[in-house]
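**Q** Got a predicted structure plus its sequence, pasted below:
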Amino acid sequence: MKWRVIGLGTAVLWIVTMGVVAALFVQGHTRPGTDGRTEIVLAQAERDLILTEMRQLLKTVHGVVTVLGSPDQNLKAAESAARSAGMAIAVDVNPAVMLKLPLAFKQMGMSIHKDMDRLADGIAQGDTSVQILNRLSSMTARCTACHDMYRFSIAR
Ligand code: HEC
C-alpha cells in the first residue's frame, strides 16, 4: 500500500514536472511588454549573445544585397555571407536559453538559419538576382514579423 502511494506520488510529480517543462518550452519566459510586444526575459549575457547574432544576420543581408547591386556581382562572396548565417551557427544554443524562448520564436529563428543555407545553395546553383532577392525578402518578412512580436528584457 505504502509503495503504491509512493509510486503514484512519483508518477504525479513526473507528470507535473514534464508539464512545467513543456509549458516553458512553448511559452518561454515571457511577460507583456510596455509597447504591445511580448517581452522575453533573459539574463544579460544571454541577451548580449542573441543580439550579437542579430547584428550578424543584418550584416549577412547587407553582404548579399551589396553583391547584387555591385557591377561585378561576386556571387561567391554572397554565397559565403549567406552560409555564415546558416544552421552551422545555430547548433550550440544553451538549453536553458531554449526554455526561455517561446516556441514561435524558436521556429522563426531556426527557419531563418535553414533558409540562409538554402540561399547559399541557390546562389551556388546559379539563382538569378531576382530569385536571390525573393529568397531574401521571404526572410526579411520574418525578421520584421518577429521584431513586431517580441522584445528582450533583462531579469533582475
Ligand atoms: C525569432 C525572432 C527574430 C527573428 C526571426 C529576427 N530577429 Fe532580430 N531581433 C529579435 C528581437 C527580440 C530583438 C530585440 C528587440 C528589442 O529588444 O527591442 C532583435 C534585435 C535585432 C537587432 C538589433 C541588435 C542590437 O544589437 O540591438 C538587429 C540588427 C536585428 N534584430 C536584425 C535581424 C535581422 C536582419 C533578421 C532577419 C534576417 C532578424 N533580426 C530576425 C528577434 C528576431
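**A** Thanks, I have it.
**Q** The ligand contacts on this structure?
**A** For the chain, the contact set with the ligand under CB under 6 Å from any ligand atom comprises 51, 54-55, 57-58, 61, 105, 108-109, 112, 139, 142-143, 146-147, 150-152. All C-beta atoms are positioned from the backbone trio N, CA, C, and that covers glycine.
**Q** go again using 5 Å as the cut-off
**A** 51, 54, 57-58, 105, 108-109, 112, 142-143, 146, 150-152 (CB under 5 Å from any ligand atom).
**Q** Confirm that Leu49 sits in a helix.
**A** Yes - remark: Leu49 belongs to a helix, assigned using DSSP: H, G, I helix; E, B strand; the rest coil.
**Q** show me the contacts for the residue nearest to it when sequence neighbours are not counted.
**A** Distances taken as CB to CB, 6 or more residues apart in numbering place Val97 nearest to Leu49, at 7.9 Å, with adjacent residues excluded. Residues in contact with Val97 (CB atoms under 8 Å, 6 or more residues apart in numbering) are Leu42, Glu46, Leu49, Ile50.
**Q** what's the burial count for the third one?
**A** Leu49 has 15 neighbouring residues, counting by other CB atoms under 10 Å.
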